[in-house]
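**Student:** Predicted model and sequence below, questions to follow.
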Amino acid sequence: MSDQTVKRSCQAPHLSGLLSPDELRAAVHSGEITTVMLAVPDMMGRLKGKRLSASVFLDRMLSKAEACAYILATDVDMTPLEGFDLTGWDDEYGDLSVIPSQDTIRVLPYLPGAALIHADVADEAGELLEIAPRHMLRTQLDKLASLGLEVRVGLEREFVLYQGSPLQAHAPGYRGFQPVAFHNLDYALDHPPALTVRSPRDSGCSRDRSSSRSTKAGSKARGAGRAGTTASRRRFRSGWGCRRPVRTPTPV
């Protein structure tokens, strides 16, 4: 084992999991944490909030921050809605107090240098809002606990994958797009090529037509002969492991 390998194995592990406020301060001071994401669940259960400089958060917002009240009064596209007692255009969508829960400081492994902190929402008097999803959940859990019950939840995500990009889907109102598969692929082991990533080495073919043409042109230039070109063409037409359009059912 080389000295360099030994050095890497002896390095201190990266931060992970939950942090105490003191551990957060130490991580910010050392430069391991540079960003704090202060998050509030909206009415759809999605996390909304602010990305803050970690040092600014510790200096000014560890106990309280602010956010526009409309985060609890929008639709799924973040469009402000009318008819809420909490806020609206008549009161110009004022601010709410965002109170960080200091026992929820968590390092995000998929965002280096970032920490996520969940927060409660309070009104101007400092009272927690009963309509805030996080507060409603806590209230129900407390009621169950008073009955000697404990809730355990497991999430199962199911989805349909369509061809195209999110931007393309948004333009026609998320209509007219084709699924990438012929049928329900629940528990399937035979996924269509569009859902399987294979390297050219595994499949023996190039990733697209342009690279296939370049390969064949290069073979001719090197005098590889017609046989190699024909074999390459056959491999491309077979479609095994290649990125090719997949026939799909009628658009929904």
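**Tutor:** Cool, the structure landed.

**Student:** Start from the N-terminal end of the protein and give the strands.
**Tutor:** 35-41, 47-53, 65-68, 95-100, 106-107, 114-122 (DSSP state E).

**Student:** Show me what the fifth one packs onto, helices and strands only.
**Tutor:** It refers to strand 106-107. Other elements packing on strand 106-107 under the criterion 3 or more C-beta pairs under 8 Å, 6 or more residues apart in numbering; DSSP states H and E are strand 114-122. Heads up, the C-betas are built off the backbone N, CA and C, glycines and all.

**Student:** angle of the strand it packs on against strand 47-53?
**Tutor:** 120 degrees (axes from the mean of the first three to the mean of the last three C-alpha atoms, to 10 degrees).

**Student:** so strand 114-122 versus strand 35-41, what angle?
**Tutor:** If you take the same axes, to 10 degrees, strand 114-122 sits at 40 degrees to strand 35-41.

**Student:** How about residues contacting strand 114-122?
**Tutor:** 19, 24, 27, 33-41, 47, 49, 54, 65, 67, 72, 96-102, 104-108, 128-129, 132, 134-135 (C-beta atoms under 8 Å, 6 or more residues apart in numbering).

**Student:** As a markdown table, the strands of the chain with distance to Ala145 would be great.
**Tutor:** Output for those, formatted as a markdown table (distance: least, C-beta to C-beta, whole Å):
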| stretch | distance to Ala145 |
| --- | --- |
| strand 35-41 | 20 |
| strand 47-53 | 25 |
| strand 65-68 | 29 |
| strand 95-100 | 22 |
| strand 106-107 | 23 |
| strand 114-122 | 18 |
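
**Student:** Figure out which of those strands is closest to His191.
**Tutor:** strand 47-53 (30.6 Å; C-beta to C-beta).

**Student:** just the CA coordinates of the closest one, formatted as CSV?
**Tutor:** Extracted C-alpha coordinates of strand 47-53, given in CSV (Å, rounded to 0.1, in the frame of the first residue of the first chain):
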residue,chain,number,x,y,z
LEU,A,47,-39.8,22.0,0.5
LYS,A,48,-39.7,25.7,-0.1
GLY,A,49,-37.4,28.3,1.4
LYS,A,50,-34.2,30.2,1.0
ARG,A,51,-30.5,29.4,0.3
LEU,A,52,-28.5,31.4,2.8
SER,A,53,-24.8,32.0,3.4
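
**Student:** thought Met136 was touching Asp142?
**Tutor:** No - if you go by C-beta atoms under 8 Å, Met136 and Asp142 don't touch, sitting 10.9 Å apart.
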